[in-house]
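[1] Okay, here's the prediction I keep looking at, along with the sequence it came from:
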Amino acid sequence: MTPLERALRDQILSEGPITVEAFMHACNAYYYATRDPLGTRGDFTTAPEISQMFGELIGACLAACWAAAEKPEDVIYIELGPGRGTLAADALRVLRSAGLDPPVHLVETSPILRGAQAEAVPGATWHDDLSTLPNSPMLVVANEFLDALPVRQLVDGIERKVTAAAGGLAFDRDGTIVEQSPARGEAVAEIAKRLISNGGAALIIDYGHERSAPGDTLQAVRGHRYAPVLDKPGEQDLTAHVDFEAVAKAAVDAGAKVTRLVTQRQWLERLGISARAEALAAAHPHRAEEIGAARTRLTAPGGMGDLFKVLAIHSPDWPSPAGLE
């Protein structure tokens, strides 16, 4: 039994079953505070860790958006859940080549990941949440951030809960599940309000579905494999598919503009990932096979290329980011 499971069982036996939302929040807070979950030694690998091309193309997209907005001098770069800082480092390298060297603000609570980010992005400023971000024009990146925010599950209109069972934990009810995520809605609304007040654009990149629909999408990953959701609380990554229709509605309701939703494959191809892969392979012939494999993995139909989606939220005064017009 993990330390967190023991604590949760004690809480449940004392106070009663806890909601799925509370369970997911507790598990991920413990999980991210106690490890670096990325890479071959971790539990999963994100797109920035697969290839520098991912972050570079994001940097190029943001640079073009900034230029089209007439290059405001006080713009800042913000990343939500920035992992090891790999994406930020790659994106900022391209932004600097385009003449923009913005202050960097990272929303991250994990002390372990903050340490890695400090090495990758010297001079960054950290925030525990969105509330302390500066009031400046914003270039925001949220890659695989929303999927880790807790979801609420309803069965026949009744909130699903986690209870203690013989030898472990169990859900208190089954049936057709409807998922909601107030935490996502609040985060998106906060981003949208800041974009309206300060100007800027936000790229939301995550896996999920285009339309709201019933279904249980809560999943656990450990050691690069799926695992039972209630197994080993705090020792595996819990995520749920992002409902992009709900995300767009939260942004629009707050007054921001929202682009159309496209797949990661469509977006990266429109931004020129094939040309970038060719240039990298020509500059590093000994890595040509590796670079080609990375491009394929990022854009694979039926894989990351289609499962991951891209949506942008932007101020009414700013243009839509490239590839999403």
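    Thanks, I have the structure now.

[2] drop to CA atoms for contacts and neighbour counts, all remaining ones
    Will do.

[3] Which pLDDT does the model give the residue nearest to Gly85 when sequence neighbours are not counted?
    Counting by Cα to Cα, 6 or more residues apart in numbering, Gly85 lies nearest to Gln117, which is 4.5 Å off, once chain neighbours are set aside. On the pLDDT scale, Gln117 is placed at 97.

[4] Beyond the helix or strand hosting Leu298, next helix or strand please.
    In the assignment (DSSP states H and E), Leu298 maps to helix 288-299. Next along the chain after helix 288-299, taking DSSP H and E as the criterion, comes helix 304-307.

[5] Provide the contact partners of that next one at residue level.
    Here helix 304-307 makes contact (Cα atoms under 8 Å, 6 or more residues apart in numbering) with Tyr207, Gly208, Thr263, Gln264, Arg265, Gln266, Arg297, Leu298, Thr299, Ala300.

[6] Run through who's touching the very next helix or strand once past it.
    The element immediately downstream of helix 304-307 (helix or strand, assigned by DSSP H and E) is strand 308-314. Defining contact as Cα under 8 Å, 6+ apart, one finds that strand 308-314 is touched by 192, 195-196, 199-208, 251, 256-264, 267, 320-321, 324.

[7] Could you do stretch 178-191 as well?
    Contacts of stretch 178-191 (Cα under 8 Å, 6+ apart): 130, 146, 149-155, 202, 213-216, 246-247, 250-251, 253-254.

[8] Tell me the buried residues in that stretch?
    Neighbour-count burial for stretch 178-191 flags Val178, Glu179, Gln180, Ser181, Ala183, Arg184, Gly185, Ala187, Val188, Ala189, Glu190, Ile191 (criterion: 16 or more other Cα atoms under 10 Å).

[9] Likewise for stretch 240-251?
    Neighbour-count burial for stretch 240-251 [16+ other Cα under 10 Å]: Ala240, His241, Val242, Asp243, Phe244, Ala246, Val247, Ala248, Lys249, Ala250, Ala251.

[10] Which member of these is positioned nearest Pro72?
    Closest approach to Pro72 among those (Cα to Cα): Ala251, at 22.9 Å.

[11] Then that closest one would be within a helix, right?
    Yes: according to DSSP: H, G, I helix; E, B strand; the rest coil, Ala251 belongs to a helix.

[12] Touching, it and Glu245? I think so.
    No: applying Cα atoms under 8 Å, one finds Ala251 not in contact with Glu245, separated by 10.1 Å.

[13] ok, and what's touching stretch 92-106?
    By Cα under 8 Å, 6+ apart, stretch 92-106 touches 56, 59-60, 62-63, 74-82, 123-127, 133.

[14] so for that stretch, what's the average pLDDT?
    On average, stretch 92-106 scores 98.

[15] C-alpha coordinates for that stretch, CSV please?
    Output in CSV follows, covering the C-alpha atoms of stretch 92-106 (Å, rounded to 0.1, in the frame of the first residue of the first chain):
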residue,chain,number,x,y,z
LEU,A,92,12.7,30.7,-26.8
ARG,A,93,15.7,29.9,-29.0
VAL,A,94,13.5,30.5,-32.1
LEU,A,95,11.9,33.6,-30.5
ARG,A,96,15.3,35.1,-29.9
SER,A,97,16.3,34.5,-33.5
ALA,A,98,13.2,36.5,-34.5
GLY,A,99,14.2,39.4,-32.3
LEU,A,100,12.2,38.7,-29.2
ASP,A,101,13.8,37.8,-25.9
PRO,A,102,10.9,37.9,-23.5
PRO,A,103,10.8,37.5,-19.7
VAL,A,104,9.8,33.8,-18.9
HIS,A,105,7.1,32.9,-16.4
LEU,A,106,6.5,29.2,-15.6
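
[16] Return the distance of that stretch from the chain's centre.
    From the chain centre to the centre of stretch 92-106 is a distance of 20 Å (Cα atoms, centre = their mean, to the nearest Å).

[17] Buried residues in stretch 190-202, which are they?
    Quick answer for stretch 190-202 (16+ other Cα under 10 Å): Glu190, Ile191, Ala192, Lys193, Arg194, Leu195, Ile196, Asn198, Gly199, Gly200, Ala201, Ala202.

[18] Which other helices and strands does the strand or helix carrying Asp10 contact?
    If you go by DSSP H and E, Asp10 is part of helix 3-15. Contact here means 3 or more Cα pairs under 8 Å, 6 or more residues apart in numbering; DSSP states H and E; on that basis helix 3-15 packs against strand 161-165.
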